[in-house]
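Visitor: Sequence first, predicted model second:
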Amino acid sequence: MKKIYVALTVALVALSVAGCASKPAAKEPPKEQVPTKGPNYVVIDHKTMALGGAIPDWLEIYMNGGGLRDIEALPKYKDVFVFVGEDSGTNLNALRQWATGFSVAQDMARLVSTRVQARFAGAAAGSPDDEYGRYFENVVKTASDATYSGARKEADFWVLKRYFKADGKTVDREVYDYYVLVTIDKETLKKQIDNVLNGVKTDKPLTKEQQTAVDRVKQSFYEGF
């Protein structure tokens, strides 16, 4: 009888050990960290998150490195040029005031001139100043001084980004980014930019090569705009 009792005890202990071993190990909660690909941040809050909303398509494209032309490829914006104004900081209320006070009339010239400058610079084989002579400097200045009509503030949106250090785990900082989307009918803006491109005068004549380069960009200006 004693031997049977001992045998049963050993068997019960063995079953107990086996049962413990078969239980899956408790998993640690996932740690928030920067994605292995893409920017070194995660979005931890945004304008419509509390309401179950999502980041709009135009901003998803812009935040992921897409350009204005990528936004314009969306069906909703196929007939307009788009521009994005942005500001950053740690004070959301201050950024809200900036977005509320965003003046399309005042900021449109800066947004357009930046895009005009990028168009000429992108088409240049070397230095834009060498490629286009004084025309380049003057066209950028004229574009920034011009007044543009027909643009409107389409939308605004903010996101709170948590940035990480190089290890992808240590939090570096948290920053609010506020974006304002501006749209303008393509044909309306083309007419106004054409007036700028064709109205620029230079205080020094362009060389034959420079004039050819300027004419080449002007002829296909909106293909890369």
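Guide: Great, that's in hand. The model shown is predicted, which means the values in this text are computed figures rather than measured ones.

Visitor: And the helix or strand L181 falls within, what's buried?
Guide: Secondary structure assignment for L181, by DSSP states H and E: strand 171-185. Using 16 or more other C-beta atoms under 10 Å as the test for burial, strand 171-185 gives 176-184. C-beta here means a position set from N, CA and C on the backbone, and glycine is covered the same way.

Visitor: Out of these, which comes closest to V116?
Guide: For the buried residues of strand 171-185, the residue nearest V116 by C-beta to C-beta is I184; the value is 13.9 Å.

Visitor: Show me where the protein has its helices.
Guide: Ranges of helices in the chain, per DSSP state H, are 2-22, 57-63, 68-72, 92-100, 104-123, 128-132, 134-145, 186-199, 208-219.

Visitor: Looking at these, spot the one closest to D156.
Guide: The nearest among those, by C-beta to C-beta, is helix 92-100 at 4.6 Å.

Visitor: Remind me what that closest one packs against, helices and strands.
Guide: Applying 3 or more C-beta pairs under 8 Å, 6 or more residues apart in numbering; DSSP states H and E, one finds that helix 92-100 contacts strand 80-89, strand 152-164, strand 171-185.

Visitor: Distance to D130 and mean pLDDT added to the ones you listed, as a markdown table?
Guide: As requested, the helices and strands packed on helix 92-100 are arranged in a markdown table below (distance: least, C-beta to C-beta, whole Å; pLDDT from 0 to 100):
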| stretch | distance to D130 | mean pLDDT |
| --- | --- | --- |
| strand 80-89 | 28 | 98 |
| strand 152-164 | 38 | 96 |
| strand 171-185 | 32 | 97 |
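
Visitor: could those be laid out in TSV, adding distance to G224?
Guide: TSV is the format used below for the helices and strands packed on helix 92-100 (distance: least, C-beta to C-beta, whole Å):
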stretch	distance to G224
strand 80-89	13
strand 152-164	23
strand 171-185	18
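
Visitor: Now D57: closest residue in space that isn't a chain neighbour?
Guide: Nearest residue to D57, sequence neighbours excluded (C-beta to C-beta, 6 or more residues apart in numbering): L74, at 6.0 Å.

Visitor: about what we covered before: does anything pack onto the strand holding L181? Which helices or strands?
Guide: Partner elements for strand 171-185 (3+ C-beta pairs under 8 Å, 6+ apart): helix 57-63, strand 80-89, helix 92-100, helix 104-123, strand 152-164.

Visitor: Please work out which residues outside the last one touch it.
Guide: Contacts of strand 152-164 with the rest of the structure, by C-beta atoms under 8 Å, 6 or more residues apart in numbering, involve 32-34, 40-47, 55-56, 58-59, 63, 82, 92, 95-96, 99, 102, 104, 170-184.
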